[in-house]
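Trainee: A predicted structure for the sequence below; I have some questions about it.
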Amino acid sequence: MTLLPVAEAQARLLTLARQLPAERLPIAQCAGRWLAEDVLALRSQPWADLSAMDGYAIRAAEWPGPWWIAGESTAGGAVPAPLAPGECCRIFTGAPLPEGADTVLIQEDAAVEHGALNPACAPLAKGRNVRPAASDFQAGQRLLGAGAGLGAAQIALAVLGGHGALSVGGRPRIALLSTGNELVPPGAPVPPGSLPSSNAPMLAAMLGGLACDVTDLGIVPDNLDAMTGALEQAAKADIIVSTGGASVGDHDLVRPAFAKAGGSLDFWKIRMRPGKPLMAGHLGDAVFLGLPGNPVSAFVTAYLFLLPLVRHMAGAAAPFPPASTATLAAPLPATGERDDYLRACRSGNGVVSVTSQDSAATCALAQADCLIVRPARSPAADAGETVTILPLT
Ligand SMILES: Nc1nc2c(c(=O)[nH]1)N[C@H]1C(S)=C(S)[C@@H](COP(=O)(O)OP(=O)(O)OC[C@H]3O[C@@H](n4cnc5c(N)ncnc54)[C@H](O)[C@@H]3O)O[C@H]1N2
Ligand code: MOO
């Protein structure tokens, strides 16, 4: 069976998903969401020519003065009277310049005596220490595009643009299923042959920073009817995620259970290491993602598929993790028939892959802060070569 290239599988996954209906939220609840529509400026910023410093508003052409201090301008105060020739105005940071003024002399460079101002510095260029009206943005300007992520800076911009509420994409509901007779819940006694189930808590943690609601439906035994029932129950969610049982063994029942529940599979088996047995499809309105059971495989496939799927459904225009480059601090062997996503660490000397690349090596995974992406059939690489990386932190 030919293995599907990662980029093709990612694109196909997004076509299975619909973007959720938008909701309008108070701006204080918009952090971490994605805009459902463009945000236009309802006002200009600054609203007038404002002082950037505490000092004196002058007309630069009248340098070196002296000027008579004729009034005062404060942020939030009355609009100051226009300057007559030879006049200046005491002014504070954020306050509007009076008509006729074009420059601000900072108070540290001012000598004031008996109401007269003399400069104690080299001549100032016209416009110095002034923020011109609308120099940040103009009323009507597009401040942020639909699909943009709302972090702290974007929220500040939207508020200054005059908005108190924004239309944002919805929060996908995600149901997690962990399959395997060997699994016991976190913290429970672990009899011989058993294993604490770490995948659902790991996935919940990966999803924790995203706009979504996660329900852990627990551990499902390797039994066709139990798995089918669990999938049917999970189909109320927007995204169903299972881990384990994705491969070809006799007890890997996710595919048959998915079919029995009425699901339609879109793809299975990806040209990547780890993560080959990944599958996706839909069950009713829910998108289904079957991740491999090995913890590292589940982590990498969640990072490359699940998190982008959630971002996409929540309205993100750019749902995939941003790739960058780094210099190898140590050599790497040639890759095989699948693209490698090597767990790696960045340091001042460059990037180095962690000691074990086994799909079950969670100690090594926990040390990694990025993935090195190496296409299938890449030759061995020397220290000093440039590689593509994806940040994990
Ligand atoms: N003959 C073949 N065998 C395997 C192939 C293959 O192509 N041919 N693929 C291998 C690859 S690649 C992977 S990855 C694994 C994935 O298999 P499954 O998705 O079926 O996962 P399981 O067999 O159920 O479990 C694998 C491993 O992970 C442990 N596990 C499962 N769930 C959890 C959990 N919730 N928390 C912690 N650990 C979990 C499980 O105990 C197993 O040790 O298949 C290869 N085999
Ligand atoms: O592809 Mo599996 O995920 O190597 O271990």
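Mentor: That came through fine. Ligands and ions are numbered 1, 2, ... in the order given.
Trainee: mind checking pLDDT for the residue nearest the centre of the chain?
Mentor: The chain has residue 149 as the residue nearest its centroid, 6.5 Å off, counting by Cα atoms, centre = their mean. Looking at residue 149, its pLDDT is 98.
Trainee: Quick check, it in contact with residue 155.
Mentor: No: counting by Cβ atoms under 8 Å, residue 149 stays clear of residue 155, with 10.6 Å between them. From N, CA and C alone the C-beta is placed, and that goes for glycine too.
Trainee: Am I right that residue 214 sits in a helix?
Mentor: No: judged by DSSP: H, G, I helix; E, B strand; the rest coil, residue 214 forms no part of a helix; its state is strand.
Trainee: just the helices in the stretch 101-250 of the chain please.
Mentor: According to DSSP state H, counting those that start in this stretch, the stretch 101-250 of the chain carries its helices in the segments 152-160, 199-207, 224-234.
Trainee: Domain parsing of this protein, as residue ranges.
Mentor: As assigned by automatic domain parsing, the chain contains the domains 6-20+171-313, 30-43+138-168, 50-131, 324-391.
Trainee: Give me whichever of the ones you listed is most buried.
Mentor: Ranked by mean neighbour count, the domains of the chain are led by domain 6-20+171-313 with a mean of 20 (mean count of other Cβ atoms under 10 Å).
Trainee: So that one, near ligand 2 or not?
Mentor: Yes: part of domain 6-20+171-313 sits close enough to ligand 2 to count as contact by Cβ under 6 Å from any ligand atom, namely 273, 274, 275, 276, 292, 294, 297.
Trainee: so what's the residue nearest to the centre of the chain up against?
Mentor: Counting by Cβ atoms under 8 Å, 6 or more residues apart in numbering, residue 149 touches 32, 33, 34, 316.
Trainee: Find me the pLDDT at the residue in the chain that ligand 1 sits nearest to, would you?
Mentor: At 2.6 Å from ligand 1, residue 293 is the closest residue in the chain, using Cβ to the nearest ligand atom. Looking at residue 293, its pLDDT is 97.
Trainee: which residue packs closest to it, ignoring adjacent ones?
Mentor: Leaving aside its sequence neighbours, residue 293 sits nearest to residue 244 (Cβ to Cβ, 6 or more residues apart in numbering; 3.0 Å).
Trainee: Now do the same contact list for that neighbour.
Mentor: Going by Cβ under 8 Å, 6+ apart, residue 244 touches 178, 179, 180, 183, 199, 252, 254, 292, 293.
Trainee: Ignoring the adjacent residues along the chain, who's closest to residue 50?
Mentor: Distance criterion Cβ to Cβ, 6+ apart; nearest residue to residue 50, sequence neighbours excluded, is residue 131 at 4.8 Å.
Trainee: Next up, the contacts around whatever residue of the stretch 1-150 of the chain ends up closest to ligand 2.
Mentor: Going by Cβ to the nearest ligand atom, ligand 2 is nearest to residue 3 of the stretch 1-150 of the chain, at 10.0 Å. Residue 3 is in contact with 269, 270, 271, 272, 276, 337, 338, counting by Cβ under 8 Å, 6+ apart.
Trainee: and which of those is nearest residue 312?
Mentor: residue 270 (17.8 Å; Cβ to Cβ).
Trainee: tell me the secondary structure for the residue of the chain closest to ligand 1?
Mentor: Classification of residue 293 using three-state DSSP returns coil.
Trainee: I'd like to know how far it sits from residue 308.
Mentor: According to Cβ to Cβ, to the nearest Å, residue 293 stands 21 Å off from residue 308.
Trainee: Also residue 345?
Mentor: To residue 308, residue 345 is 23 Å away according to Cβ to Cβ.
Trainee: from the contacts of residue 149, which are also near ligand 1?
Mentor: Within these, nothing lies near ligand 1 by Cβ under 6 Å from any ligand atom.
Trainee: re the thing from before, I'd like the helices of the stretch 101-250 of the chain as a markdown table, with distance to ligand 1 and mean pLDDT appended.
Mentor: Compiled in a markdown table, those are given as follows (distance: least, Cβ to the nearest ligand atom, whole Å; pLDDT from 0 to 100):
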| stretch | distance to ligand 1 | mean pLDDT |
| --- | --- | --- |
| helix 152-160 | 35 | 98 |
| helix 199-207 | 3 | 98 |
| helix 224-234 | 11 | 97 |
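Trainee: could you measure the residue lying farthest from the centre of the chain against residue 176, distance?
Mentor: Largest separation from the mean C-alpha position in the chain: residue 114, at 57.2 Å (Cα atoms, centre = their mean). In this view, residue 114 and residue 176 are 77 Å apart by Cβ to Cβ.
Trainee: Now find how far off-centre stretch 131-139 is within its chain.
Mentor: 28 Å (Cα atoms, centre = their mean, to the nearest Å).
Trainee: likewise stretch 248-259?
Mentor: Using Cα atoms, centre = their mean, the offset of stretch 248-259 from its chain centre is 34 Å.
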